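Asks: Here is a sequence with its predicted model. Questions after.
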Amino acid sequence: MEPLIQVQDLVKVYSLGEVEVHALRSISVSVDRGEFVAIMGASGSGKSTFMNILGFLDRPTSGQYLLEGINGENLSRDESAEIRNRKIGFIFQGFNLLSRTSAIENVELPLIYAGTPPPQRKERAQKALFEVGLKGREHHHPSQLSGGEQQRVAIARALVNEPSILLADEPTGNLDSKTSEEIIGIFQRLNQDLGITIMMITHEPDIASFAKRDILFRDGNIVGDRVNVSPVTLARGRE
Ligand code: ADP
Ligand code: MG
């Protein structure tokens, strides 16, 4: 079977007037279905740039990227947006929830874009919230939820369209260590029990130790890529 993600000689150069920033120099990597990958590396090493390209949020300067065999290069904006909505779930450090909107309405948003009818929308959003342990919090607004709960809402929103991959950019960056562990426990369960493919940026080795593979970025290159033979597993029922 073809890999889920195939990246070949990916380059990203940002031009700021006279100055060129080589955010990605030449990245080649592939990721299979069912993997749980941690992306590590110092600040400025190109991790977010890489993930934004993987998520069809940005385009490379050169090189090739295929998601499930689909090449984003010649897609219109609308076509990229549709692939993003159907195949990719994003989770960010700052949660990125709509603040004046309840948890369930936040989770329903991708389904609204996808044209899912309202009764199914509610049911699927509710199921996704249950999946991340937020039963009973459906009608809370983000300001009425803790950071960890807000990130759970964001995970539910990322999951609700049953995407091919979850992309998480420093998902525990704003959370204390206990809450970070709870969030990582959810990722681990989604990966192990539901087979969801996850790529997660983190600069914390503790957090990366839960993943099954880690890829190390330095100065726009991949300088390390190894299988984690014994990922740390959280005890069941702790999260
Ligand atoms: P990381 O996520 O590893 O911290 P980034 O991918 O955000 O790194 O950034 C890689 C490099 O590209 C940095 O030098 C950063 O300043 C630069 N960069 C990122 N986004 C932009 C942009 N929109 N315009 C110009 N330079 C950028
Ligand atoms: Mg970043």
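Replies: Yes, it's here. Numbering: from 1, shown residues only. Ligands and ions are numbered 1, 2, ... in the order given.
Asks: Could you use CA atoms for every contact and neighbour count after this?
Replies: Will do.
Asks: contacting residues for the residue positioned nearest the centre of the chain?
Replies: With the centre of the chain defined as its mean C-alpha position, the nearest residue by C-alpha atoms, centre = their mean is residue 167, 1.5 Å away. If you count contacts by C-alpha atoms under 8 Å, 6 or more residues apart in numbering, residue 167 has them with 51, 55, 88, 89, 90, 91, 198, 199, 200.
Asks: Likewise for residue 65?
Replies: Applying C-alpha under 8 Å, 6+ apart, one finds that residue 65 lies in contact with 5, 6, 7, 8, 10, 54, 71, 72.
Asks: What strand or helix carries it?
Replies: strand 62-67 (DSSP states H and E).
Asks: Just after that strand, pick out the following helix or strand.
Replies: Per DSSP H and E, the first helix or strand lying C-terminal to strand 62-67 is strand 70-71.
Asks: List the strands paired with that next one, with their directions.
Replies: When sheet partners are counted by DSSP bridges, strand 70-71 sits next to strand 62-67 (antiparallel).
Asks: circling back to that earlier point, nearest to residue 99, of the contacts of residue 65?
Replies: residue 54 (26.8 Å; C-alpha to C-alpha).
Asks: so where's this protein shaky on pLDDT?
Replies: By pLDDT under 70, the low-scoring segments of the chain are 235-239.
Asks: so residue 60 sits right up against residue 10, yeah?
Replies: Yes - using C-alpha atoms under 8 Å, residue 60 and residue 10 qualify as a contacting pair, with a distance of 6.5 Å.
Asks: Contacts for stretch 139-151 next, please.
Replies: Applying C-alpha under 8 Å, 6+ apart, the contact partners of stretch 139-151 are 91, 95, 97-104, 134, 171, 174-175, 179-180, 182-183.
Asks: can we see that at 6 Å?
Replies: By C-alpha atoms under 6 Å, 6 or more residues apart in numbering, the residues outside stretch 139-151 that reach it are 95, 99, 101, 102, 103, 179.
Asks: ok, those vs residue 188, which is closest?
Replies: Among the contacts of stretch 139-151, residue 179 lies closest to residue 188 (C-alpha to C-alpha), at 14.2 Å.
Asks: sorry, back to before: how far away from the center of its chain is the strand holding residue 65?
Replies: Relative to the chain's own centre, strand 62-67 is displaced by 18 Å; criterion: C-alpha atoms, centre = their mean, to the nearest Å.
Asks: what's the answer for stretch 59-67, then?
Replies: Stretch 59-67 sits 18 Å away from the centroid of its parent chain (C-alpha atoms, centre = their mean).
Asks: Equivalent analysis for stretch 158-169, please.
Replies: Its chain's C-alpha centre lies 6 Å from the corresponding centre of stretch 158-169 when counted by C-alpha atoms, centre = their mean.
Asks: Just the CA coordinates for that stretch, please, in PDB.
Replies: Coordinates of the C-alpha atoms in stretch 158-169 are reproduced here as PDB (Å, rounded to 0.1, in the frame of the first residue of the first chain):
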ATOM      1  CA  ALA A 158     -10.200  17.700  14.600                       C
ATOM      2  CA  LEU A 159     -11.600  14.200  14.800                       C
ATOM      3  CA  VAL A 160     -15.200  14.800  13.900                       C
ATOM      4  CA  ASN A 161     -14.700  14.500  10.100                       C
ATOM      5  CA  GLU A 162     -12.800  11.200  10.500                       C
ATOM      6  CA  PRO A 163      -9.700  12.600   8.900                       C
ATOM      7  CA  SER A 164      -6.900  10.600   7.500                       C
ATOM      8  CA  ILE A 165      -4.400  12.300   9.800                       C
ATOM      9  CA  LEU A 166      -4.200  14.500  12.900                       C
ATOM     10  CA  LEU A 167      -1.600  17.200  12.700                       C
ATOM     11  CA  ALA A 168      -0.800  18.800  16.100                       C
ATOM     12  CA  ASP A 169       1.600  21.800  16.500                       C
END
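Asks: Alright, that wraps it up for me.
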